[in-house]
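Asker: from the sequence below, what's the structure:
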Amino acid sequence: FDLLPQYTNSMPFAVIISSYFGVDNVDEAEKVWEQFDPSIRHCYALRRLEDLIQRGKSCAVGHEAPDFELATSTGEKIKLSSLRGKYVLVDFWASWCGPCRQEMKNLREQYAEFKDQGVRFMSISLDDSVEKWKKACEEEQIPWISVRDDNGWSKSEIRKLFGIQAIPFIVLLDKDGNIVAKNIRRNSLREKILELLQK
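Answerer: Below you'll find the model as predicted:
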C-alpha cells in the first residue's frame, strides 16, 4: 500500500492490490481505487474493484441497506423501507438450515424483550418451497413479519446484495435504514440492540 503512489499507472500493480479487498472493507478499497490514474481504470482489475465497492456499499456497516419488497404467506407485500422510524432486525434463514432453526429460539426471546421498545423483526426465508417455508413458520411460531424470497437460495438477488454466504445471517438497521451490525447473533445481538436503545 505504501508503494501505491509510485504505481498509480500500473495495471499489474492494480491486479495485485485489488485482490486484498472484499465487501467488508469497501471504504478502504474506494480510497485505493481513487488513487489510480483515470487512464487505467478501464482495466479488468479496477473495473472489478469498482464493482466490488458498489456492491459492498449496499451491504456495508454504516451504509444504507438496499431496499426490497417481499410478500408474506398471506400475499401482503412489505417493503423494508416501510419499517423506517424503528430499529429493524432482519433475519435471513431457511427451513432446511439447522443453525437457523436453533437461532429462532433466541430470536423469539429477544422479540419478547424488545418488541415494545421500538424494535421490529423481519425474517426472510430463502426456501425454494413455499410449503416447507409455511410449515417451518408454523413450527417455529414466528410472531413477527415473515416473508419469503421467491428466488430461493441459489437465485436470490437480495442475498447477493447483502453479501450473504451462509445463514443464519442477521442484519441490524438503525431508524434511518442504515446497517449498524451484520452477521451478529445471540448475546452479541442482544447487547447491540441494548446499545442502540440507550442512544
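Asker: please, where are all the strands along this protein?
Answerer: 69-72, 77-79, 87-93, 119-125, 145-148, 169-173, 179-182 (DSSP state E).
Asker: so what's Ile40 up against?
Answerer: Ile40 makes contacts with 9-11, 14, 46, as judged by C-beta atoms under 8 Å, 6 or more residues apart in numbering. For the C-beta atoms, the positions are set from N, CA and C on the backbone; glycine is no exception.
Asker: equivalent analysis for Gln35, please.
Answerer: So Gln35 contacts 4-5, 8 (C-beta under 8 Å, 6+ apart).
Asker: closest to Gly22 out of the residues you listed?
Answerer: Leu4 (18.3 Å; C-beta to C-beta).
Asker: quick check: closest non-adjacent residue to that closest one.
Answerer: Gln35 (5.7 Å; C-beta to C-beta, 6 or more residues apart in numbering).
Asker: give the buried residues for the lengthiest helix in the chain.
Answerer: Scanning the chain for the helix with the most residues, using DSSP state H, yields helix 98-114. Neighbour-count burial for helix 98-114, counted by 16 or more other C-beta atoms under 10 Å, picks out 100-101, 103-104, 106-108, 110-111, 114.
Asker: what of stretch 168-182?
Answerer: 168-174, 177, 179-182.
Asker: could I get those residues as TSV with pLDDT and distance to Asp67?
Answerer: Formatted as TSV, the buried residues of stretch 168-182 follow (pLDDT from 0 to 100; distance: C-beta to C-beta, whole Å):
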residue	pLDDT	distance to Asp67
Pro168	94	22
Phe169	94	18
Ile170	96	18
Val171	95	13
Leu172	96	16
Leu173	96	11
Asp174	95	15
Gly177	94	8
Ile179	93	12
Val180	94	17
Ala181	92	19
Lys182	89	16
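Asker: tell me the centre residue of the chain?
Answerer: Phe162 (3.4 Å; C-alpha atoms, centre = their mean).
Asker: okay, the residue sitting furthest away from the middle of the chain and Ala60: tell me how far apart.
Answerer: Distance from the C-alpha centroid of the chain, by C-alpha atoms, centre = their mean, peaks at Gln6 (36.2 Å). To Ala60, Gln6 is 29 Å away according to C-beta to C-beta, to the nearest Å.
Asker: distance of the residue nearest to Arg190 when sequence neighbours are not counted from Ser188?
Answerer: Using C-beta to C-beta, 6+ apart and skipping residues adjacent in sequence, the residue nearest Arg190 is Gln110, 5.8 Å away. With distances taken as C-beta to C-beta, Gln110 is found 11 Å from Ser188.
Asker: any common contacting residues for the two?
Answerer: With C-beta under 8 Å, 6+ apart, Gln110 and Ser188 have no common neighbours.
Asker: could you pull out the helices in the chain for me?
Answerer: So, for the chain - with DSSP H - the helices run 11-18, 26-35, 44-57, 98-114, 130-140, 152-155, 157-161, 186-197.
Asker: ok, which of these comes nearest Asp67?
Answerer: Here helix 157-161 is closest among the helices of the chain (C-beta to C-beta), at 9.6 Å.
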